[in-house]
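Engineer: What would the 3D arrangement of this be:
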Amino acid sequence: MEKKKYNRSFASRLSRWVILVLLVMMTGLSFLVYDLMESSVVEVSAASFHSGMRSANGRINEVMSDVSVAVDNQIFDIERHLSEPDRLQDILERIVRQNPRIRSCGISFAENYFPGKGRQYCPYAWRNDSMEVESKQLSGDGYNYLESDWFKQAIASDSAYWSEPFWDGRDAATPLVAYIHPIRNAQGRVVAALGADLSLDFMTRILAEQDSLFEHDAWMISAQQKKIVSHVLLRDGTYMTHPDKRRILKGNFFAHVKDYKESGLAEKAIQEMKDGMTSKDETERTVLVNRTDTYLFYSPVAGTDWILATPCAADNLDFLAMLIGFAALFVITVVVVITFMVCYLTIKRATKPLKLLANTADRVAQGQFDTSLPTIKHRDEICQLRDSFENMQHSLTNYVEELKATTTAKASIENELRIAHNIQMSMLPKTYPAFPDRTDIDIYGLVKPAKAVGGDLYDFFIRDEKLFFCIGDVSGKGVPASLVMAVTRSLFRNIAAHTAEPQQMAKGINESLSDSNDTDMFVTLFVGVLDLTTGLLDYSNAGHDMPMLLTESEVTFLECDPNLPAGVMGGWDFTRQQIQMKAGSTLFLYTDGLNEAENATHQQFGMDRMIQTAEPATRQPEGLVAAMTAAVQQFVGDAEQSDDLTMFAIQKK
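Structural biologist: Below is the predicted model of the structure:
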């Protein structure tokens with residue numbers, strides 16, 4: 001092949017022509033981008049406003065949902081104690097104390113419902129200016145709620161609802177809304193109405209924060225720009241929020257919305273707001289709000305008859321469009337200049353292949369295997385040398401990359417296992433004392449997986465003065481066992497929420513695990529329900545090791561029926577057993593990682609050592625678990641932990 005003679009002047013001329021063509025193309029593109037940005041900035045800003053309004057809407061709905069859920073959760077307790085009027089005052093105080101969003105709460109009963117309390121009875125609790133909860137009976141203060149429209153509506157209502165905003169006679173600084181829930185007696189008849197009051201201050205704060213973000217997004221840096229102020233309105237346009245509190249529940253936003261240049265959009269926007277619609281492109285065009293050319297954004301507040309409205313002066317977005325357009329032109333100009341320099345230097349460097357190849361070879365020899373090699377167009381000895389260096393460079397680079405990938409993959413797996421361990425541990429109880437306000441029970445537990453994650457589990461909670469608890473051991477270890485463990489723990493929580501019979505919990509877990517059990521994994525499980533009032537322990541064992549019972553006089557193992565482990569076979573009926581736990585006795589539960597722990601000579605820790613360790617140990621759960629942990633660690637020594645270890649102790653005081 002004929003060799004081409006390198007011509008420096010030709011390369012220089014070529015670089016100048018390429019750069020000139022590129023400069024012309026980039027200049028034309030810069031003006032095109034400027035026009036596109038200028039025309040679309042309103043659409044982009046509208047999307048930002050709608051996103052912000054959805055966020056504010058969601059936050060408002062979240063606050064109101066917190067209040068309604070807090071009240072709904074107490075209805076059962078209230079209806080259960082309808083025959084105890086003095087107990088109701090304590091429940092109201094608890095509602096206000098546990099829910100900082102609720103300003104006050106009261107129950108208004110039907111006429112003469114409690115003959116001994118008078119014609120009307122209305123226990124009431126509120127949070128004062130010192131954030132302390134106070135309570136009293138409102139009907140004795142000349143407060144006649146029986147004739148009020150809201151009470152008649154509440155008694156006639158079949159379900160809970162949010163009231164219209166109102167001013168409170170005790171505190172007229174901020175209007176309130178009330179979540180009103182009917183109270184029914186044992187026959188299902190509505191006999192009272194519970195009202196939880198929520199101050200509208202929270203909506204003012206949410207809107208102020210969102211308006212601040214709007215102004216930031218719109219680059220509010222011009223003295224001529226107008227401040228953005230969002231409002232929550234009733235469906236007829238009455239202000240529910242306003243910087244001037246004199247206008248709240250008195251002024252009307254619709255009265256300030258007028259047509260711009262006889263467009264007819266004002267009337268359309270007002271009608272859509274009344275109909276609970278969200279603003280669209282054609283209604284976001286400018287109308288006059290307070291005699292200012294304004295873009296109007298609006299949407300309904302979810303779950304209410306309220307409207308969220310955000311007017312934005314047109315000058316704001318026009319100014320933003322100008323800023324973005326000039327910014328885009330500046331950025332593109334900079335890109336053109338940088339591109340000019342890159343192209344010029346690239347072509348210039350291409351005229352010196354031999355020097356660049358020598359420099360590259362030096363850097364490769366110094367260990368910089370990722371150094372870029374110059375492109376050689378001539379098929380000569382220099383090109384052959386360049387190809388040889390490239391082959392060597394690729395081989396070294398591939399080797400280094402494979403080594404990096406292997407190291408990274410190992411680190412990634414270790415990191416994922418560490419995260420999985422943290423997730424698994426967070427699912428298990430870890431805060432002790434578990435119930436610091438109770439003096440009738442003491443609990444302590446410990447989990448030590450053999451690997452980063454394991455298959456052991458324990459859990460407990462108190463409901464209706466009963467302690468629900470379980471301990472389990474999944475067959476196998478590692479990630480598969482941890483997944484089954486997580487499922488089992490969730491099943492226990494879900495099933496125990498609906499029944500207090502341990503054999504039914506064990507059966508429900510067994511049926512769920514047995515269904516589509518392609519991996520043939522199972523769980524040994526012990527489920528118990530301890531009545532904290534009587535000390536009666538109901539339990540059901542699913543193939544788990546017998547728990548240890550420590551009384552003042554002896555240490556024994558709890559008698560357990562030989563049921564199948566959960567997940568082995570569906571349809572199994574688990575047995576139910578009972579014992580009476582005396583005051584001061586301790587129930588010690590464990591997995592086979594304790595009694596089957598092996599030392600270096602493969603001897604097991606065994607039941608006898610467990611009894612010996614428990615004899616002198618304190619009956620306090622934490623001390624008992626600590627003594628067992630120390631004993632098994634001393635026995636195992638330097639031997640690797642072969643199985644997951646879990647211990648869980650309960651003392652009835």
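Engineer: Off-centre distance for the helix or strand that contains residue 587?
Structural biologist: Using DSSP states H and E, residue 587 maps to strand 586-590. Between the centre of strand 586-590 and the centre of its chain there are 35 Å (Cα atoms, centre = their mean, to the nearest Å).
Engineer: just checking, what packs against it?
Structural biologist: Contacts defined by 3 or more Cβ pairs under 8 Å, 6 or more residues apart in numbering; DSSP states H and E place strand 586-590 against strand 548-550, helix 621-636, strand 645-652. To be clear about C-beta, it is placed using only N, CA and C from the backbone, and glycine gets the same treatment.
Engineer: What's the mean pLDDT across the last one?
Structural biologist: Averaged across strand 645-652, the pLDDT comes to 94.
Engineer: sorry, back to before: I'd like the helices and strands packed on strand 586-590 written out as TSV, with mean neighbour count added.
Structural biologist: Conversion of these to TSV gives the following (neighbours: other Cβ atoms under 10 Å):
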stretch	mean neighbour count
strand 548-550	21
helix 621-636	17
strand 645-652	24
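Engineer: wait, which of these is closest to residue 161?
Structural biologist: For residue 161, the closest of those is strand 645-652, at 44.6 Å, according to Cβ to Cβ.
Engineer: The strand holding residue 587: partners in the sheet, and parallel or antiparallel?
Structural biologist: Counting by DSSP bridges, the strands paired with strand 586-590 are strand 548-550 (antiparallel), strand 645-652 (antiparallel).
Engineer: Residue 493 - that's part of a strand, no?
Structural biologist: No: the assignment for residue 493, made by DSSP: H, G, I helix; E, B strand; the rest coil, is helix rather than a strand.
Engineer: ok, which stretches of the stretch 401-550 of the chain are helices?
Structural biologist: Remark: helices of the stretch 401-550 of the chain, listed N- to C-terminal, are 478-496, 502-514; assignment by DSSP state H, counting those that start in this stretch.
Engineer: okay, the ones you listed, which one's buried deepest?
Structural biologist: helix 502-514 (a mean of 23; mean count of other Cβ atoms under 10 Å).
Engineer: Over that one, what's the mean pLDDT, rounded is fine.
Structural biologist: Taken as a whole, helix 502-514 has an average pLDDT of 94.
Engineer: same thing with stretch 243-252?
Structural biologist: The pLDDT scores in stretch 243-252 average 84.
Engineer: Kindly format the C-alpha coordinates of it as CSV.
Structural biologist: Once non-C-alpha atoms are left out, stretch 243-252 reads as follows in CSV (Å, rounded to 0.1, in the frame of the first residue of the first chain):
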residue,chain,number,x,y,z
PRO,A,243,-52.5,36.6,55.9
ASP,A,244,-55.0,39.1,57.1
LYS,A,245,-57.0,37.2,59.7
ARG,A,246,-59.9,39.7,59.5
ARG,A,247,-60.8,38.2,56.1
ILE,A,248,-60.9,34.6,57.3
LEU,A,249,-64.5,33.2,57.0
LYS,A,250,-65.6,36.7,56.0
GLY,A,251,-63.9,37.7,52.7
ASN,A,252,-64.5,36.0,49.4
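Engineer: And it, what's buried?
Structural biologist: Neighbour counts over stretch 243-252 (16 or more other Cβ atoms under 10 Å) mark 248-249, 251 as buried.
Engineer: With stretch 194-205 instead?
Structural biologist: 194-200, 202-204.
Engineer: so can I have JSON lines of the helices and strands packed on strand 586-590 showing distance to residue 578?
Structural biologist: Listed next are these as JSON lines, based on distance: least, Cβ to Cβ, whole Å:
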{"stretch": "strand 548-550", "distance to residue 578": "13"}
{"stretch": "helix 621-636", "distance to residue 578": "22"}
{"stretch": "strand 645-652", "distance to residue 578": "14"}
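Engineer: Which of those sits closest to residue 137?
Structural biologist: Residue 137 lies closest, by Cβ to Cβ, to one member of the helices and strands packed on strand 586-590: strand 645-652, at 40.1 Å.
Engineer: Looking at the helices of the stretch 401-550 of the chain, which is nearest to residue 546?
Structural biologist: Counting by Cβ to Cβ, residue 546 lies closest to helix 502-514 out of the helices of the stretch 401-550 of the chain; the figure is 15.1 Å.
Engineer: residues making contact with the closest one?
Structural biologist: Outside of helix 502-514, the residues within contact range by Cβ atoms under 8 Å, 6 or more residues apart in numbering are 470, 484, 487-488, 491-492, 495-496, 499, 521-523, 525, 527-529, 538-540, 542, 563-564, 566-576.
Engineer: how about that helix as CSV, C-alpha atoms only?
Structural biologist: Taking only C-alpha atoms (Å, rounded to 0.1, in the frame of the first residue of the first chain), the coordinates of helix 502-514 have been written out as CSV:
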residue,chain,number,x,y,z
PRO,A,502,-52.3,-19.8,70.5
GLN,A,503,-53.3,-23.0,68.6
GLN,A,504,-55.2,-20.9,66.1
MET,A,505,-52.1,-18.7,65.6
ALA,A,506,-49.9,-21.8,65.1
LYS,A,507,-52.4,-23.2,62.6
GLY,A,508,-52.7,-20.0,60.7
ILE,A,509,-48.9,-19.7,60.3
ASN,A,510,-48.7,-23.4,59.3
GLU,A,511,-51.3,-23.0,56.6
SER,A,512,-49.7,-19.9,55.1
LEU,A,513,-46.2,-21.5,55.1
SER,A,514,-47.4,-24.8,53.8
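Engineer: Now do that helix and helix 478-496, the angle between them.
Structural biologist: What separates the directions of helix 502-514 and helix 478-496 is an angle of 140 degrees, with axes from the mean of the first three to the mean of the last three Cα atoms, to 10 degrees.
Engineer: returning to that earlier point: from the contacts of helix 502-514, list just the buried residues.
Structural biologist: With burial judged by 16+ other Cβ under 10 Å, the buried subset of these is 470, 484, 487-488, 491-492, 495-496, 521-523, 525, 527-529, 538-540, 542, 563-564, 566-568, 572, 574, 576.
Engineer: mean confidence for stretch 212-226?
Structural biologist: If you average the per-residue pLDDT over stretch 212-226, you get 55.
Engineer: I meant to write stretch 330-344 there.
Structural biologist: Per-residue pLDDT values over stretch 330-344 give a mean of 71.
Engineer: again, but for stretch 461-479
Structural biologist: Stretch 461-479 comes out with an average pLDDT of 91.
Engineer: swap in stretch 587-607?
Structural biologist: Across stretch 587-607, the per-residue pLDDT values average to 93.
Engineer: Now the terminal residues of that stretch, how far apart.
Structural biologist: Stretch 587-607 stretches 15 Å from its first residue to its last (Cα to Cα, to the nearest Å).
Engineer: ok, the residue lying closest to residue 641 once chain neighbours are set aside - how many residues close by?
Structural biologist: Distance criterion Cβ to Cβ, 6 or more residues apart in numbering; nearest residue to residue 641, sequence neighbours excluded, is residue 450 at 4.8 Å. By the measure other Cβ atoms under 10 Å, the count of residues near residue 450 is 18.
Engineer: Spit out the contact partners of residue 450.
Structural biologist: Contacts here follow Cβ under 8 Å, 6+ apart; on that basis residue 450 touches 477, 593, 641-645.
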